[in-house]
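**Q** I would like to see how this sequence folds:
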Amino acid sequence: MKLTVWTYEGPTHVGAMRVATAMADVHYVLHAPQGDTYADLLFTMIERRNHRPPVTYTTFQARDLGGDTAELFKTAAKDAYDRFQPKAMLVGASCTAELIQDDPGGLSKALGLPIPVVNLELPSYSKKENWGAAETFYQIVRQLADPAVKPAPREGRRPRCNLLGPTALGFRHRDDVVEVTRLLATMGIDVALVAPMGASPADIARIGEADFNIVLYPEAADTAARWLEKTFRQPCVRIVPIGYGATRDFIAEVARVAGVDATPALAADPSRMPWYTRSVDSTYLTGKRVFVFGDSTHAIAAARIAHEELGFKVVGIGAYNREFARDVRAAAEKYGVEALITEDYLEIEAKIAELQPELVLGTQMERHIAKRLGIACAVISAPVHVQDFPARYSPQMGFEGANVIFDSWVHPLVMGLEEHLLHMFRDDFEFNDAAGASHLGAHTAATAEAPDAEPVEAATPGDTNIIWLADAEQELKKIPFFVRGKARRNTEKYASERGLAQINLGTLYDAKSHFAR
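**A** Next up is the predicted model:
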């Protein structure tokens with residue numbers, strides 16, 4: 001372990017909380033010290049839920065370590081059952097409480113509660129949040145699913161499926177479920193169960209009623225889906241419908257597994273993304289360099305969309321969850337790049353600075369990195385902040401998700417072009433800082449006095465003592481902001497290699513000619 005100011009994944013018990021919070025009639029008793037209750041804020045503040053997570057903490061303190069912390073857990077578990085009356089209980093320890101080895105599973109079993117109790121043994125010091133979510137969901141399914149439940153005969157009914165993987169704190173999971181359910185309905189397929197999101201212990205018991213499973217988020221559901229495949233003989237669809245092409249592949253695969261005709265759903269195709277990407281307004285996007293980072297599912301999907309559907313050049317791809325590193329590396333090979341599998345945000349920032357992409361697709365941290373480097377960015381994956389839990393309908397999956405993705409990726413580049421044009425014409429009599437708003441009268445002077453000098457642009461210079469002269473600095477500002485940093489570095493490299501102490505306008509143009517060869 002190491003101290004850091006940012007982490008892509010929390011400890012394993014946060015993954016368990018995501019599953020418990022998504023479900024109904026489930027309560028999680030967490031053996032944890034005072035202070036570990038911070039996790040509540042993830043759901044109430046960031047996800048903006050209207051109720052707190054169904055979690056009871058033992059909240060032992062330092063002075064309790066000399067006494068009986070096991071008794072504290074038993075009391076908390078008994079009180080939680082009496083107060084909340086859940087239909088199933090999860091028990092486990094946080095990373096700190098794991099060290100005192102109080103055995104929550106054994107202690108809760110001794111209580112003799114009249115409900116199923118799922119003991120979660122989550123190794124906090126070797127695994128992370130997504131693994132914790134997957135293990136929690138797997139244990140719930142394994143212990144609560146009724147092996148006697150089987151699908152009804154197919155005669156006279158529509159095919160039925162389970163949607164597996166959506167959890168609390170998931171990136172657009174709520175809207176993805178709605179979009180995929182609508183898509184399946186156009187194919188004549190019913191959704192028997194969505195889990196963990198919205199599922200109760202009784203719902204999990206009848207998970208075997210479905211004809212097949214669809215894994216929407218492998219990070220949370222792959223382990224449970226494999227167990228259901230083996231134990232219940234339920235086929236599994238693993239194509240994730242993020243992007244236009246992937247959605248069509250998903251429809252074809254679901255139709256094959258369900259034994260239905262995919263033609264009507266494919267013909268309906270309401271997406272506007274294919275036309276938009278072929279339109280004149282989008283041609284200037286072709287060949288844009290893009291760096292992709294996130295969880296494996298969203299990173300792989302984003303790279304495919306960028307390459308196949310928008311004509312971008314993928315110059316880097318990576319993920320923070322090592323459990324699916326093999327899939328990310330396989331995807332990276334398609335684009336001729338080396339996958340970056342890391343949880344170190346500083347390593348990612350260094351890679352982005354080195355590659356100088358024109359668009360970064362990543363998590364909340366990559367948004368900060370891109371902003372600092374002056375690069376356009378769109379968020380594609382958890383972890384995210386409150387602005388990526390919108391009140392509006394904004395899926396990532398299905399045909400409507402493809403529309404949302406087009407807008408959210410392309411708009412930063414379009415606005416970047418607009419900002420560049422404003423910078424180019426800053427000295428024009430209509431656009432300079434002293435000119436008032438045009439709708440208030442032609443070229444009316446602004447009420448605020450214009451600054452004496454333009455601020456120096458915020459690109460990060462290289463490690464050099466080379467001085468930029470005023471004419472070169474002014475010309476540099478005319479370069480689009482999303483490639484200005486690269487232009488500065490290349491020019492400084494050119495000057496340094498030739499022993500130049502200053503960069504003038506001629507040096508800037510010489511460097512441009514040199515690197516354009």
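
**Q** looking at this protein, which helix or strand does the model trust least?
**A** In the chain, the helix or strand scored least confidently by mean pLDDT, DSSP states H and E is helix 398-424, which has a mean of 77.

**Q** continuing past it, what's the next helix or strand?
**A** The helix or strand immediately downstream of helix 398-424 is strand 467-468, counting by DSSP states H and E.

**Q** So which bits of stretch 371-387 are buried?
**A** Along stretch 371-387, the positions that meet the burial threshold by neighbour count (16 or more other CB atoms under 10 Å) are 373-384. Heads up, the C-betas are built off the backbone N, CA and C, glycines and all.

**Q** tell me how far the ends of that stretch are from each other?
**A** Stretch 371-387 has an end-to-end distance of 16 Å (criterion: CA to CA, to the nearest Å).

**Q** Report the mean per-residue pLDDT for it.
**A** Per-residue confidence for stretch 371-387 averages out to 92 on the pLDDT scale.

**Q** hang on, isn't residue 255 packed against residue 249?
**A** No: using CB atoms under 8 Å, residue 255 makes no contact with residue 249, being 10.8 Å away.

**Q** Pick out whichever of these two has more residues nearby.
**A** Shown here are residue 255 and residue 249; by other CB atoms under 10 Å, residue 255 has more neighbours (20 against 15).

**Q** Which residues are in contact with that one?
**A** When contacts are counted by CB atoms under 8 Å, 6 or more residues apart in numbering, residue 255 touches 187, 261-262, 265.

**Q** Mind putting these into a markdown table with neighbour count?
**A** Output for the contacts of residue 255, formatted as a markdown table (neighbours: other CB atoms under 10 Å):
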| residue | neighbour count |
| --- | --- |
| 187 | 20 |
| 261 | 11 |
| 262 | 17 |
| 265 | 24 |
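
**Q** By pLDDT, give me the weakest of the residues you listed.
**A** When the contacts of residue 255 are compared on pLDDT, residue 265 comes out lowest, with 90.

**Q** now whichever strand or helix holds that residue: how far from the chain's centre is it?
**A** Here residue 265 is covered by helix 263-268, with elements defined by DSSP H and E. With CA atoms, centre = their mean, to the nearest Å as the basis, the distance from the averaged C-alpha position of helix 263-268 to the chain average is 29 Å.

**Q** next one: stretch 242-261
**A** Remark: stretch 242-261 is offset 23 Å from the chain centroid, using CA atoms, centre = their mean.

**Q** Mind listing what's buried along that stretch?
**A** So stretch 242-261, judged by 16+ other CB under 10 Å, has buried residues 242-248, 250-251, 253-255, 257-258, 260.

**Q** Check stretch 321-335 too.
**A** Residues of stretch 321-335 classed as buried by neighbour count (16+ other CB under 10 Å): 321-325, 327-329, 331-332, 335.

**Q** who touches that stretch?
**A** 8-9, 128, 130-131, 134, 218-219, 295-297, 299-300, 303-304, 307, 314, 317-319, 338-339, 341.

**Q** Confirm residue 158 sits in a strand?
**A** No: inclusion of residue 158 in a strand is not indicated when DSSP: H, G, I helix; E, B strand; the rest coil is applied; the result is coil.

**Q** tell me what the helix holding residue 265 is packed against?
**A** With contacts defined as 3 or more CB pairs under 8 Å, 6 or more residues apart in numbering; DSSP states H and E, the packing partners of helix 263-268 are helix 173-186, helix 244-258.

**Q** Make a markdown table from these and add distance to residue 68 and mean pLDDT to it.
**A** Rendered in a markdown table, the data for the helices and strands packed on helix 263-268 read as follows (distance: least, CB to CB, whole Å; pLDDT from 0 to 100):
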| stretch | distance to residue 68 | mean pLDDT |
| --- | --- | --- |
| helix 173-186 | 40 | 97 |
| helix 244-258 | 53 | 97 |
